[in-house]
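Chemist: sequence first, then the predicted structure, then my questions.
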Amino acid sequence: MNRNLAISILIAAVCTIEILNSFKFYKEYYQFTFLYKVGDMATFYHSACEDIKNKLTGHDTLLYVSENGVIEPYTYEFMKFAIAPNILLPYTEYETYPIQNKKLIALYMISGNINNSNNQKVDLKPFKTLFKHTNGIHILANIK
Amino acid sequence: MITFFTTLLLSVVPIGMGGLLLTYTIGKNTYIEIIKNYGVFFVMLIQWFAGSIISSFLFFWLYVLQISTVLMAIEGGALAVYLYFVGKFYIRYFTLPKVTFKQPIYIYLTLALTIAAVFVKIILWYSQVAYTPYGYSDSLNFWNLRALNIFYNNTGHWKYPFHTFTSHYGHIDYPLFFAGLYNRVWVYMGYYNPMVMAWVHFFTLFMGLAVLFLTIKKTSGILYASLSVLVIISLQEYFRWLGNLYMDPMLAVFLWVGTALFFAIPQYSAIMGLIWSSIVWIKSEGMVYYAVISIGYFTYLFINKYNTKHYFLYLLGSGLAIVTLLFFKLSVPKDLNDFVSNGETGLLSKLFSVERHATVWDFITNFFNIQSWYFDSYFNNLLFLLFILILFYQRKKITALEYPYAIAMVLINIACIYIMFVFTALDIRSHMEVAFDRLFIHHLPSLVLLGMINIKN
């Protein structure tokens, strides 16, 4: 067989498998991001932190912190600074906190990197439980 | 779609500056010669990269001077002058390539598969960036946040473009290449739109792939040009980080474009200097790579007995990047400068710490553990290994410089990664967990190029 042809078939076959394999990642990504109802992250980060705070007046603002999270200090501190949550709720207590029908910002900081299967899997269950019971503003930051 | 076309249109404008630079540095006759040899598209691509680099640096300096809107006049003026020269001297050489179908059918099938793969990946990539247009993790926290703040503070003093808070946590000394490219579009548009960031990344990748394709097509034929694009398109890890708007895939593009030009037009030192030095302004790692590449390039010039002026021209081409970087790094307060603050935390004790060396070595050996490649997401690397083995087998004639260069690149890359992690100021293990795999992304595409180029069929 022509050597070039053989090489083409081999590389094309492996690349096709790779590309088909990559669909798996995007499927996982959507599973995660169907909850990713981000407001305007730019706004969130920049000038309208005050607006968000005003919208939340009289409501509980939660900052969820993942139990297994190695949260880098700048992210955590920035979140606290930007949102100024009145409640810092540990991840493990999300089920016991009465969040039904309350307007809230939920920030969930994951330690597992969804985009890198080298790290641990992200447990999606807390998201599903949390968002089923809320009807307010949801800002979910998938920030490491 | 409006953002797409606006970004596209505005991304084309710097071609004028790139064109003037190219025609001025290499001369009219040589410019025509490259067009004849490589085609008008190849020349336009070089101009696009050169123009974008100049644009980004110019934006920074005009931002420092608080007159960034002037950039529009400079870029537009340069384009007008360039188009005048094109009309006067070069228009008759701007011909479309002749398309002939004389090769075996499987070659065209491979090309068709590559085009299809590119489309599939674009759709998947778009679906990712449309969901998270602000990027992810580091890009969200550092690069894109920085770019956004620069836009909002465009009228203020350049030293304080960052949020008071983030300046203490956001790696303020990270280079600003892409922040400049996003901002010039936002400034032209007059408003902020996050999708501009995604499209700038997309165009850069697309132009990079085109350079890769045309360079390899010239030396090895359309089959290997298609296969090299197909291999890069298939690198999963690369595309994941691309969708996250990280700078690592972009650094890789500029590295492989520089490498491609090294094979195509190595004698034009000023252009080589401009392209390769730009990596220092994309990511901090670029400084190390630039130093290594420059030594390699000077060695090349020395071995091939080039005139002394080539060394100076290379440094002249690098001048813009080096001066900008030095000015920027020195302007960042000492306690916020990663390099200085890293340097203060006991270099010697880190260097002689057996535990640190063992940790880094552990990660490297794991990376080359074939079992982990297969069962983990590093299936990519299996593909890559396979591809390299095939090319070693396929290659009939090894040119003098190529393989030593390729092997040296791999070893130096690993050495750089090794050194960076041994001296990291962060917790070594957690730093390696988040950053180690990304560092390999920088060089993999360049090695694909090195493998595919100059194959004698």
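Modeler: Yep, it's here.
Chemist: least trustworthy helix or strand in chain A by mean pLDDT?
Modeler: Across the helices and strands of chain A, the lowest-confidence element by mean pLDDT, DSSP states H and E is helix A:41-45, at a mean of 38.
Chemist: contacts for the helix or strand hosting residue B:291?
Modeler: Residue B:291 belongs to helix B:285-303 when assigned by DSSP states H and E. Residues outside helix B:285-303 that contact it (Cβ atoms under 8 Å, 6 or more residues apart in numbering or on different chains) are B:175, B:251, B:255, B:258, B:262, B:266, B:269, B:272, B:276-277, B:279-280, B:310-311, B:314, B:318, B:321, B:325, B:401, B:405, B:408-409, B:412-413, B:416, B:420, B:439, B:442. The C-beta positions use only the backbone N, C-alpha and C, and glycine is treated the same way.
Chemist: what's the first helix or strand after that helix?
Modeler: Next along the chain after helix B:285-303, taking DSSP H and E as the criterion, comes helix B:308-331.
Chemist: can you pull the buried residues of that following helix?
Modeler: Judged by neighbour count using 16 or more other Cβ atoms under 10 Å in any protein chain shown, the buried positions of helix B:308-331 are B:310-311, B:313-315, B:317-318, B:320-322, B:324-325, B:328-329.
Chemist: out of those residues, which one sits closest to residue A:17?
Modeler: Checking the buried residues of helix B:308-331 against residue A:17 by Cβ to Cβ gives residue B:321 as the nearest, at 39.9 Å.
Chemist: any idea of the pLDDT on the residue lying closest to the closest one once chain neighbours are set aside?
Modeler: Of all residues beyond its chain neighbours, the one nearest residue B:321 is residue B:277 (3.7 Å), with distances taken as Cβ to Cβ, 6 or more residues apart in numbering or on different chains. Per-residue confidence (pLDDT) for residue B:277: 93.
Chemist: need the buried ones from the contacts of helix B:285-303 selected in PyMOL.
Modeler: Here is the PyMOL command that selects the buried residues among the contacts of helix B:285-303 (16+ other Cβ under 10 Å):
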select buried, chain B and resi 175+251+255+258+262+266+269+272+276+277+279+280+310+311+314+318+321+325+401+405+409+412+413+416+420+439+442
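Chemist: how near is the closest residue to residue B:94 other than its chain neighbours to residue B:287?
Modeler: For residue B:94, ignoring the flanking residues on the chain, the nearest one in space by Cβ to Cβ, 6+ apart is residue B:40 at 4.9 Å. Counting by Cβ to Cβ, to the nearest Å, the gap between residue B:40 and residue B:287 amounts to 34 Å.
Chemist: residue B:87 and residue B:35, how far apart?
Modeler: The separation that residue B:87 has from residue B:35, given Cβ to Cβ, amounts to 15 Å.
Chemist: between the two, who's got more neighbours?
Modeler: Taking residue B:87 and residue B:35 together and counting by other Cβ atoms under 10 Å in any protein chain shown, residue B:35 has the greater number of neighbours (18 against 9).
Chemist: shaky segments in the stretch 301-450 of chain B?
Modeler: B:333-348, B:367-407, B:409-410, B:413-414, B:425-426, B:434 (pLDDT under 70).
Chemist: where do the helices sit along it?
Modeler: Counting by DSSP state H, counting those that start in this stretch, one finds helices in the stretch 301-450 of chain B at the ranges B:308-331, B:338-343, B:347-351, B:354-367, B:370-375, B:379-394, B:402-422, B:428-441, B:444-452.
Chemist: can you list contacts of the first one?
Modeler: The one in question is helix B:308-331. In this structure, residues lying in contact with helix B:308-331 by Cβ under 8 Å, 6+ apart are B:25, B:53-54, B:57, B:60-61, B:159, B:173, B:175-176, B:267, B:269-278, B:280-281, B:287, B:290, B:294, B:297-298, B:301, B:337, B:339.
Chemist: show me just the buried residues among those residues.
Modeler: The neighbour-count test (16+ other Cβ under 10 Å) applied to those identifies B:25, B:53-54, B:57, B:60-61, B:173, B:175-176, B:269-278, B:280-281, B:287, B:290, B:294, B:297-298, B:301, B:337 as buried.
Chemist: now intersect those with the helices, please.
Modeler: Restricting those to those inside helices, with DSSP state H as the criterion, leaves B:25, B:53-54, B:57, B:60-61, B:269-277, B:287, B:290, B:294, B:297-298, B:301.
Chemist: assign a three-state SS to the residue nearest to residue B:58 when sequence neighbours are not counted, would you?
Modeler: The shortest distance from residue B:58 to any non-neighbouring residue, by Cβ to Cβ, 6+ apart, is to residue B:71 (5.8 Å). Three-state assignment for residue B:71 (DSSP: H, G, I helix; E, B strand; the rest coil): helix.
Chemist: with the one 10 residues further on instead?
Modeler: On the three-state scheme (three-state DSSP), residue B:81 is labelled helix.
Chemist: quick check: it touching residue B:21?
Modeler: No: shown here, residue B:81 and residue B:21 do not form a contact pair, counting by Cβ atoms under 8 Å, at 11.7 Å.
Chemist: more neighbours: the two, which one.
Modeler: residue B:21 (22 against 14).
Chemist: re the thing from before, could you check how far the residue nearest to residue B:321 is from chain A?
Modeler: Using Cβ to the nearest Cβ, to the nearest Å, one gets 30 Å for the distance from residue B:277 to chain A.
Chemist: where does pLDDT dip in chain A?
Modeler: Counting by pLDDT under 70, the low-confidence segments of chain A come to A:1, A:25, A:27-144.
Chemist: other SSEs contacting the longest helix anywhere in it?
Modeler: In terms of residue count, the longest helix belonging to chain A (DSSP H) is helix A:3-33. Judged by 3 or more Cβ pairs under 8 Å, 6 or more residues apart in numbering or on different chains; DSSP states H and E, the packing partners of helix A:3-33 are helix B:105-131, helix B:222-234, helix B:236-243, helix B:379-394.
Chemist: mean pLDDT lowest where, among these?
Modeler: Least confidently modelled of those is helix B:379-394, at a mean of 62 by mean pLDDT.
Chemist: returning to what we had before: what about the residue nearest to residue B:94, neighbour count?
Modeler: Residues lying near residue B:40 (other Cβ under 10 Å) number 16.
Chemist: does chain A sit close to stretch B:201-215?
Modeler: No: judged by Cβ under 8 Å from any Cβ of the partner chain, stretch B:201-215 makes no contact with chain A; its nearest approach is 14.1 Å.
Chemist: may I see the buried residues of that stretch?
Modeler: So for stretch B:201-215, counting by 16+ other Cβ under 10 Å, buried means B:201-205, B:207-215.
Chemist: which other residues reach it?
Modeler: Here stretch B:201-215 has contacts from B:7-8, B:11, B:38-39, B:41-42, B:45-46, B:48-49, B:52, B:118, B:122, B:125, B:178, B:225-226, B:228-229, B:232-233, B:242, B:245, B:249-250, B:253-254, B:256-257, B:260-261, B:263-264, B:445, B:448-449, B:453, using Cβ under 8 Å, 6+ apart.
Chemist: compute the number of surrounding residues for residue B:355.
Modeler: Applying other Cβ under 10 Å, we find 8 residues neighbouring residue B:355.
Chemist: any idea how far it lies from chain A?
Modeler: When distances are taken as Cβ to the nearest Cβ, residue B:355 and chain A turn out to be 19 Å apart.
Chemist: distance of that residue relative to residue B:256?
Modeler: Here the distance between residue B:355 and residue B:256 works out to 36 Å (Cβ to Cβ).
Chemist: do you know how far residue B:122 is from chain A?
Modeler: Distance from residue B:122 to chain A, by Cβ to the nearest Cβ: 12 Å.
Chemist: what number of residues lie near that residue?
Modeler: As a burial measure, residue B:122 scores 14 neighbours (other Cβ under 10 Å).
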